[in-house]
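>>> any chance you can model this:
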Amino acid sequence: MNKVIQLIIKEQNPQEHFRQEGLNIYIGKTPEHLLQLEEFHSCLSTEEKARADKFKFPELKDTYVACHGKLRHLLSEKTGEEAGKIQIDTGKFGKPELAEHPLHFNISHSKDVFAIAISEETEIGIDVEVINPDFTYSGIIQSWFHPNEIKAIEAETERTSQLQKFYTFWTRKEAFLKAIGIGLINELQSIDTSCSNRNTPCDSLKAMFSGKKESKVAIQNWSVEDAVVSYAQFGEK
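Take a look at the predicted model:
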């Protein structure tokens, strides 16, 4: 029997690095880690270094290095392994995972901001987006947003508030999909993330998770300066 996937959405304002039982989230800005970039780069895998070298803009390369290097240092604290020796594999749909440890983790970066989530208990996804004040989102919301989300955005009279809603909903969607490990899908319109503090069934997603025990995804989000961050945990908790 297929289960209904429920979104449990909350809003909060944690510090840039906070821990709660079984969960560790770190939000960083690349300029604050410039002195560590050489150290971070040295612990990256050969594949990660090659991907870093493909960035055309130095600031984007630095953010990639800062994010992946910091991830390895945080995983090193959890596993006891040296940061440079941790083996990170790619799972189905490209989600990163550890080869020899049960930890769940996810990362995201946008311009000079990056976010890292590590969970000891459940699958997790995280997404960060720096708000672009000139971004035109009308085409995206018509194609990918739930009608309730569109209404919530259009109900705002100020463009800054509309943009905040757009990025909030978008990062919630991405965090949700990264937590369940399937990446972007055509059913994004069926996922309604517009309401806080309520259970939102996503009936059209039932078939995707017929083999999973979990039936709930808890989503939380907050703003950090000019960026929006959302993370999602997949499980009954």
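
>>> next SSE after the helix or strand of the chain with the lowest mean pLDDT?
Each helix and strand of the chain was given a mean pLDDT (mean pLDDT, DSSP states H and E); the minimum falls on strand 199-202 at a mean of 49. Moving toward the C-terminus from strand 199-202, the next helix or strand (DSSP states H and E) is strand 216-224.

>>> which strands and helices lie in contact with that next one?
strand 5-11, helix 159-180, strand 227-234 (3 or more Cβ pairs under 8 Å, 6 or more residues apart in numbering; DSSP states H and E). C-beta here means a position set from N, CA and C on the backbone, and glycine is covered the same way.

>>> where do the strands sit along this protein?
5-11, 17-20, 23-29, 88-90, 96-98, 104-110, 113-119, 123-130, 199-202, 216-224, 227-234 (DSSP state E).

>>> rank those by pLDDT, which is bottom?
Here those differ in mean pLDDT, and the lowest is strand 199-202 at a mean of 49.

>>> beta partners for the residue nearest the centre of the chain?
By Cα atoms, centre = their mean, the chain has its centre lying nearest to Ile126, at 1.7 Å. Judged by DSSP bridges, the bridge partners of Ile126 are Tyr231.

>>> pretty sure it contacts Trp222?
No - taking Cβ atoms under 8 Å as the definition, Ile126 is not a contact partner of Trp222, at 11.6 Å.

>>> can you list residues touching both of these two?
Residues touching both Ile126 and Trp222 (Cβ atoms under 8 Å, 6 or more residues apart in numbering) are Val229.

>>> hang on, the earlier thing: export the strands of the chain to JSON lines and append columns for distance to Gly139.
Compiled in JSON lines, the strands of the chain are given as follows (distance: least, Cβ to Cβ, whole Å):
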{"stretch": "strand 5-11", "distance to Gly139": "24"}
{"stretch": "strand 17-20", "distance to Gly139": "36"}
{"stretch": "strand 23-29", "distance to Gly139": "29"}
{"stretch": "strand 88-90", "distance to Gly139": "31"}
{"stretch": "strand 96-98", "distance to Gly139": "30"}
{"stretch": "strand 104-110", "distance to Gly139": "20"}
{"stretch": "strand 113-119", "distance to Gly139": "25"}
{"stretch": "strand 123-130", "distance to Gly139": "17"}
{"stretch": "strand 199-202", "distance to Gly139": "23"}
{"stretch": "strand 216-224", "distance to Gly139": "23"}
{"stretch": "strand 227-234", "distance to Gly139": "20"}
